[in-house]
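**Q** kindly return the folded structure for what I paste below:
(one chain, ligands or ions: 1)
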Amino acid sequence: MRKSYALFLLLAVVPAAVVQAAVPPVRPAQLGLCAACHGEDGHARIPGAPNLAGQPYAYLLQALQAYRDGGRKVPVMRAATGPLTPKDVQALAQWYAAQSPCKPAQADSP
Ligand code: HEC
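**A** Numbering: from 1, shown residues only. Model prediction:
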């Protein structure tokens with residue numbers, strides 16, 4: 001009886017943990033601002049704005065912190081990140097990291 005209970009727990013808990021890791025992050029409230037230039041899906045909308053989709057979370061987080069704190073001196077990004085809380089920054093980095101990367105051939109394909 002005990003053994004099967006342990007097995008049940010294992011079967012119930014392990015897949016739940018796996019599924020949770022794959023759940024996409026919640027759409028951040030501040031995404032609208034970023035979307036004007038970077039797109040909601042991280043595929044850039046204006047020339048000069050980098051594609052963010054699928055870049056590593058740690059990289060995006062560090063870049064956003066650098067713009068906000070003035071380590072990277074880019075006025076548009078400083079203005080965009082200035083009002084963000086650390087939680088917002090994490091949520092946005094998580095969101096863009098979870099988007100599907102742009103396909104390199106997309107723009108040129110017939
Ligand atoms: C007015 C247009 C504009 C808006 C709005 C904007 N960005 Fe940017 N973003 C840029 C440009 C241009 C760059 C490239 C700056 C540079 O050369 O470092 C950039 C760079 C970045 C980078 C660094 C990417 C890399 O590969 O190093 C991240 C991350 C980023 N933006 C996230 C955001 C987020 C999140 C928001 C919303 C809070 C936002 N941006 C709002 C134009 C914008």
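**Q** and for residue 50, nearest residue in space, chain neighbours not counted?
**A** residue 44 (6.2 Å; C-beta to C-beta, 6 or more residues apart in numbering). In this view, the C-beta of every residue, glycine as well, is placed from N, C-alpha and C.
**Q** and what about that neighbour, helix, strand or coil?
**A** Here residue 44 is recorded as coil under DSSP: H, G, I helix; E, B strand; the rest coil.
**Q** neighbours of it, just the number please.
**A** Using other C-beta atoms under 10 Å, residue 44 has 15 other residues around it.
**Q** do the one 4 residues further on as well
**A** As a burial measure, the neighbour count of residue 48 was computed by other C-beta under 10 Å and equals 7.
**Q** list, one by one, the residues from this structure near the ligand.
**A** Within the chain, the positions near the ligand by C-beta under 6 Å from any ligand atom are 30, 33-34, 36-38, 48-50, 52, 60, 63-64, 72, 74, 76-77, 80-81, 92.
**Q** list the contacts for the closest residue to residue 92 other than its chain neighbours?
**A** Spatial nearest neighbour of residue 92, excluding adjacent residues (C-beta to C-beta, 6+ apart): residue 28 at 5.1 Å. By C-beta atoms under 8 Å, 6 or more residues apart in numbering, residue 28 lies in contact with 88, 91-92, 95.
**Q** how about a cut-off of 6 Å?
**A** 91-92, 95 (C-beta atoms under 6 Å, 6 or more residues apart in numbering).
**Q** element containing it, please.
**A** Following DSSP states H and E, there is no helix or strand that holds residue 28.
**Q** do the one 4 residues further on as well
**A** Mapping residue 32 onto the secondary structure by DSSP H and E places it in helix 31-38.
**Q** which parts of that helix are buried?
**A** Using 16 or more other C-beta atoms under 10 Å as the test for burial, helix 31-38 gives 31, 33-34, 37-38.
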